[in-house]
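Novice: generate coordinates for the sequence data below:
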Amino acid sequence: MPLYLGLTWSIFVVLVFVDYKLLCARLGNEPAVHALEWNVGEIARRIYKLQCAFATRIQKIFRGLLGRNFIRLYRRERARLWRIQAAGTFMIQRTYRGWVFRMRFRRHREKRAKSKLMQMYLSERKDQKVAARKREQRRVLMQRYKKQRKEEVSARFTGKSPFGAANGRKMKAFSLTEYGKCTRFWLVGLLVLFVFFCLRLLFFSAKHSSSWFALSGLCPRALVLYIVYCV
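Specialist: Predicted structure coming up:
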């Protein structure tokens, strides 16, 4: 908009608010009055629209704040009333949960005690089995030792195992003899026992019987058996 006769923008603004028709007349009807009126109306409409938009935004914020505060208070009061109404239910639930926990703990404790007792029983049974196995091994070892001692004494008695052989190791010396084999040893042992029994019967009968004629045939047979199988 051109400036006329040294007029400034502040004067034009004052004339717009005071008398816009006079302003249009002084400007030579440029712009026209109807155009100026339409522009002023459009500007007023836009200003009112902006004012409504800002007012709506402010109202939204305020209503949201009020609504959130109301909902917060409402929920708080509702929770308080619900706690008051459900106080008995909470008490029943606490009692039930305590009872369930105590029963579970009791079962768990009994289970642990049974497991511990079972472990102790298994350990005791294992120790008993080990002790019984050791006793059996000791018994078998003692039987073998007694058997070997008897075999060695029998072998020495019959002269089949010389004293001091194998550098003084008696059992090794006995195992190297012909009595060291089980089959031959049992046969010879039975014969030795038979001969020993016959000799004891001979002397016992000689002491308690006056008939020497009946014993005269037994002595040569026992001596022959002893000479054949033992010498």
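Novice: measure residue 152 to residue 142 for me?
Specialist: Note on residue 152: its distance to residue 142, by CB to CB, to the nearest Å, is 15 Å. Placement of C-beta: from N, CA and C, glycine included.
Novice: tell me where the model's unsure across the protein.
Specialist: 1-9, 156, 159-190, 202-231 (pLDDT under 70).
Novice: max-length helix in it?
Specialist: helix 87-158 (DSSP state H).
Novice: which strands or helices does that helix pack on?
Specialist: helix 170-176, helix 182-208 (3 or more CB pairs under 8 Å, 6 or more residues apart in numbering; DSSP states H and E).
Novice: how does the chain divide into domains?
Specialist: 9-88, 105-230 (automatic domain parsing).
Novice: mind telling me what element residue 58 is part of?
Specialist: helix 33-85 (DSSP states H and E).
Novice: for that helix, name the packing helices and strands.
Specialist: With 3+ CB pairs under 8 Å, 6+ apart as the test, helix 33-85 has helix 20-26 packed against it.
Novice: please redo it, this time with the cut-off set to 10 Å
Specialist: Applying 3 or more CB pairs under 10 Å, 6 or more residues apart in numbering; DSSP states H and E, we find helix 33-85 packed against helix 9-18, helix 20-26.
Novice: now the angle from that helix to helix 9-18?
Specialist: Here helix 33-85 runs at an angle of 80 degrees relative to helix 9-18 (axes from the mean of the first three to the mean of the last three CA atoms, to 10 degrees).
Novice: helix 33-85 to helix 87-158, inter-axis angle?
Specialist: Using the same axes, to 10 degrees: helix 33-85 against helix 87-158 is 60 degrees.
Novice: from residue 22, how far off is residue 33?
Specialist: 10 Å.
Novice: one more: residue 105?
Specialist: 100 Å.
Novice: how about residue 96?
Specialist: Noted for residue 96: a distance of 92 Å to residue 22, by CB to CB.
Novice: which one of residue 152 and residue 142 is surrounded by more residues?
Specialist: Taking other CB atoms under 10 Å, residue 152 and residue 142 do not tie; residue 152 has more neighbours (18 against 10).
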